[in-house]
Each structure stands twice: as structure tokens, then as C-alpha cells.
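S.K.: Quick one, fold the following:
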Amino acid sequence: MDLILSADDRRVLMGMLRATTISAGLARRARVILALADGHSYAEIADSLGVSDTYIARWKQRVGAGGLPALSDLPRSGRPDRLDPRMEAKILAKTQEPPPAPFTHWTTRRMGELMGVSYVTVHRVWQRAGLKPHQLERYVTSDDPDFETKAADVIALYLTPPANAVVFSVDEKTAIQALDRLDPVLPLSSGRAERHGFEYKRNGTLSLYAALEVGTGRVEGMTASRHTSAEFVRFLDRLVATQPVRCEIHIIADNLSAHKTKAVTAWLGAHPRVHMHFTPTYSSWLNQVELWFAKIERDMIARGIFTSTADLRRKLMQYIRQHNKTCQPIQWAYSNPKRRIRAS
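M.R.: A predicted model of the protein is given here:
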């Protein structure tokens, strides 16, 4: 008998395959059911998914009898969870209170000793509730009274850029160290990671100015030995020179003092087609070029070996040229403006 899926059931199964948190087994069952509904034979499904005919028949029968909920695992044999719900509620409530001094956070054993249960029980309770007391995240609260207005201005440039204009996300990565390892690099081998010597030699630093073109992902870059307002103006001159004369230029930048000096203000007055948009204070995450800086840090700088600042400069520019050959715009999203972190 053929397996027929409703449009809603098919939508649910496709959503399961796009999810990143379901088990591989559940995803395999979803693929089997979709393949059956599409009219594929047992032999075709077995060959493409690496399952047996018995496996296909079992899940076809279960879904035919119980619908999509039957795809989940049946309850396993063994002793059921006998934890009193009241004790579970007490553990959860206590977890969200500070631990006794001088400790900074709860552990499963510390909580288990206090509540008179095993640490395994505490772990199970925390796992079900999604609590992770061992983890810590840091944040910076924006104190900008015009946060919403400035953020909306920047986001609008990403989502609906002005016609006949180009939008650049601009910033500088300062004090990049030209580090040379004193010991040879030991290469990657089976069962062993690549190894770098602990000791190194400092060969100076460089700053990297970068402008990410929001519409294409292309990057214009310039290195400088000093990080000053004069260097920033020089970079703006180079950036403007890459664009057609009649093209409006919108630049997104953070609130660094070097971006707001008299020299920069005078330069903007002499270039009326350039419009500067500043992110709110402590909100450089709104600036897309920060994502690119994180990428170049991972790809080249963190494990790089540089014999001099000239070598560092050459490799930075080489990376930018390589990036521009295959660049794509960043798929960036600001999902919910109401989730702004505020001090309580």
C-alpha cells in the first residue's frame, strides 16, 4: 500500500531535515518516509540511504498507523525516572540562586550534596531544563540614548541601500603583530595536530584598514604603521578613488575618536557625496566588517608566521586579493530589535 503524506506532514518532514538539533536516526527515518511518499521503490531507498528493506517496512508501517509522531523512538525498557517533581523544581530554583561563598557557580556534585541527591540526577535535571551553570557569557551594554535610531539607520543600509549608491562597512584592525616563531613548525600527522613552538620573536606591528562593500562582499584594504586620524583620511581618499565620480558613498563606522576628528570632518565637508553613519556606542557588532576581521584572524593571522612587517603587509594584501576572487555578500540578520541588552 502506498504511503500518502498531507502537505502539512511533508512540511514538517522537510523542516526536520533542515534542523540541526535532531538525531541522525530521526533524520534518516524522515528521508525514508519522504522517499516512500515520492514513489521510490524499496531498492532505490535502500541503495541511496544505506538501510534494509526491513527498516523501511517497519517505519512505513509505524507512520501509516500512528502518523508522524510514530517516527520517534519508543520508550526503552529499564527503570523509569523516579525523581520527585517537587525535588526537580527545588533543584531548578536553587540553581538560579548564587552558590554559597566563596564559590562562583554551581557544579553537579555541589548541588547534589546540598539537595541530598546524586550528581547524575542533578545533571539530568539541568540537561532537561537547558541549564549550564559551568558556562559564562560576557556582554557590553550600550549606553547610547539614540541606540534604536542609529541601529535602524545602519540596518536600513543593509536591507534597502539607497539607489545609485554604494555602502561600505569600514573599520581598522589595530596592532597586528608580525610574529616569527623561533622553533620550526612540526607538521600535521596522523593522530597529532600541527605544532608551533611556544617562543616567538616580535618584528613590529601594523594596522589594517578595511572597507567591506556590503552589496558584493568585496574588500578594499590598506596597511599603516600608525593608527591615526591622518591615516584614516588617507584610507578614505583611496576608497573614494575606487568609485565612479557620480556615485554616492555611504560609510558605516564605529565611534572611535579617530573617526570624528576635525580632519575627518573637514574631509567630509570637501566630499559631499560621502555620508558617514555611526553605529551606537559599544555596538560594533552592527558593523559587518567585524565578521570579515574575524575571518582573516582565523584564516591567516592567528597561525601566521611573519619575518617582518613587510612580510606581514604582503600576506595581508595577498589574502585580500584572494578573498575578492570569490567574495559574496554577508548573509547578516538582526532578528529582534527588542532583545537589546539593558542593565537592570
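S.K.: Helix, strand, or coil at the residue nearest to the spatial centre of the chain?
M.R.: With distances taken as Cα atoms, centre = their mean, residue 291 lies nearest the centre of the chain, 8.4 Å away. Put simply, residue 291 is helix when judged by DSSP: H, G, I helix; E, B strand; the rest coil.
S.K.: and what of residue 316?
M.R.: Following three-state DSSP, we place residue 316 in the helix state.
S.K.: Can you give me the distance of the closest residue to the residue nearest to the centre of the chain other than its chain neighbours to residue 213?
M.R.: Closest residue in space to residue 291, ignoring its immediate chain neighbours: residue 330 at 5.8 Å, by Cβ to Cβ, 6 or more residues apart in numbering. Using the backbone N, CA and C atoms, a C-beta is placed for each residue, glycine as well. Computed as Cβ to Cβ, to the nearest Å, the residue 330 to residue 213 distance reads 10 Å.
S.K.: Likewise for residue 188?
M.R.: Applying Cβ to Cβ to residue 188 and residue 213 gives a distance of 35 Å.
S.K.: Looking at the two, which is more packed in?
M.R.: Each of residue 188 and residue 213 has its neighbours counted (other Cβ atoms under 10 Å); residue 213 has more, 21 against 10.
S.K.: OK, contacts around that one?
M.R.: Contact analysis of residue 213 by Cβ atoms under 8 Å, 6 or more residues apart in numbering lists 166, 167, 168, 219, 220.
S.K.: I figured the residue nearest to the centre of the chain was touching residue 332, is that so?
M.R.: Yes. Using Cβ atoms under 8 Å, residue 291 is in contact with residue 332, at 7.4 Å.
S.K.: wait, what's in contact with the residue nearest to residue 291?
M.R.: Residue 330 neighbours (Cβ under 8 Å, 6+ apart): 212, 214, 217, 288, 291, 292.
S.K.: How about residue 153?
M.R.: Residues near residue 153 by Cβ under 8 Å, 6+ apart: residue 277.
S.K.: tell me the phi and psi of it?
M.R.: Main-chain dihedrals, residue 153, degrees, to the nearest 10: phi -60, psi -50.
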